[in-house]
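Asks: below is the sequence, then the predicted model.
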Amino acid sequence: MPSSASPPEPLALPEDDSFVPIMFKTRCNICKLSIPPSSTHFHCPNCNGGDYDICSNCYHNLSASGRISQENGQNGWRRCPRGHRMIVVGFEDRDGRQNRIVIKDLVGGVTLDESEAGEAVEGSSATSTDRVYRWKEPDGRIESRTFTRRTTSGTAGGAAVITTQFPPSGGVGMRAFAAWSYFPPEFDTRDLIFPRGAEIREVERINEDWFWGSYAGCRGMFPAQHVELL
């Protein structure tokens, strides 16, 4: 069990010995209090081995106190105190149990290219304190934006002076439903593996037989015949 999760009070088993779903409560890593399933919270897939959660109240306080800048806050890059992009997680009641769902995915998606300066966009005035972001729009255009860090800011990960809109949550591209699982016998690092029923995002068509996309924080190629485009 993750250290940030705490089991609920023991449930009384029914007389017919049928299975009873066990619901776990997520614990905020800031205030150490349990986050009720009815509330959404922020999850960092990088900190603490992927086991790091912040409740909405604590994240609001971090933003209000200036530990997280406005550009890196809830309506911006949605970063954790250490500068990683976070997702917004919640739970929904389905089939008699609560299922964990992603309300808002990473800003810019998995494929966002966060490049340090030195890879400045042509025509920009990027310096050694600039950060360049690139993403692909639905029409195929490659968008590039430069954000300048404030050297006087105390925000973890470097604050940014926003020069234009942020890329969309979850990235761009097509979505696909996995009609069949894909676990190639001879795994290649370029392959994207996924189970049946998975939703694959940021999908691009390589050719008639192969797609490219992201799932569960990974990205790679997979056979087109295994999925159905949504």
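Replies: Cool, the structure landed. Numbering: from 1, shown residues only.

Asks: output the below-cut-off pLDDT ranges for the chain.
Replies: 1-24, 115-164 (pLDDT under 70).

Asks: how does it divide into domains?
Replies: 5-104, 113-161, 174-229 (automatic domain parsing).

Asks: look at stretch 100-113 and report the distance between its end residues.
Replies: 28 Å (C-alpha to C-alpha, to the nearest Å).

Asks: which residues does it contact?
Replies: 40, 76-78, 85-92, 132-136, 166-173, 201-202, 214, 217-219 (C-beta atoms under 8 Å, 6 or more residues apart in numbering). Using the backbone N, CA and C atoms, a C-beta is placed for each residue, glycine as well.

Asks: just the buried members of these?
Replies: 40, 76-78, 85-91, 132-136, 166-167, 169-173, 201-202, 214, 219 (16 or more other C-beta atoms under 10 Å).

Asks: for the chain, what spans make up the helices?
Replies: For the chain, applying DSSP state H gives helices covering 56-64.

Asks: look up how far Gly197 lies from Glu92.
Replies: 16 Å (C-beta to C-beta, to the nearest Å).

Asks: does the residue nearest to Leu229 when sequence neighbours are not counted have beta-bridge partners, and which?
Replies: Closest residue to Leu229 apart from its sequence neighbours, by C-beta to C-beta, 6 or more residues apart in numbering: Ala176 at 5.3 Å. Ala176 forms beta bridges with Ile200, Leu229, as assigned by DSSP bridges.

Asks: equivalent analysis for Phe211, please.
Replies: Arg205, Phe222.

Asks: for it, what are its contacts?
Replies: Ala176, Ile200, Val203, Glu204, Arg205, Met221, Phe222, Pro223, Ala224, Val227.

Asks: which of those lies closest to Leu33?
Replies: Nearest to Leu33, judged by C-beta to C-beta, of the contacts of Phe211 is Ile200 at 35.0 Å.

Asks: pull the number of nearby residues for that closest one.
Replies: 26 (other C-beta atoms under 10 Å).

Asks: wait, isn't it in contact with Tyr215?
Replies: Yes. If you go by C-beta atoms under 8 Å, Ile200 and Tyr215 touch, sitting 4.8 Å apart.

Asks: by neighbour count, which of the contacts of Phe211 wins?
Replies: Highest neighbour count within those: Ile200, with 26 neighbours (other C-beta under 10 Å).

Asks: doesn't Met86 make contact with Cys47?
Replies: No. Counting by C-beta under 8 Å, Cys47 stays clear of Met86, with 9.0 Å between them.

Asks: overlap in contacts of the two?
Replies: Joint contacts of Cys47 and Met86 (C-beta under 8 Å, 6+ apart) are Cys80.

Asks: check the contacts of Phe211 and tell me the two furthest apart.
Replies: Farthest pair in the contacts of Phe211, by C-beta to C-beta: Glu204 and Pro223, 14.2 Å.

Asks: number of nearby residues for the residue nearest to Arg67 when sequence neighbours are not counted?
Replies: Leaving aside its sequence neighbours, Arg67 sits nearest to Pro81 (C-beta to C-beta, 6+ apart; 6.1 Å). Using other C-beta under 10 Å, Pro81 has 19 other residues around it.

Asks: check Asp95 too.
Replies: For Asp95, using other C-beta under 10 Å, the count is 7.
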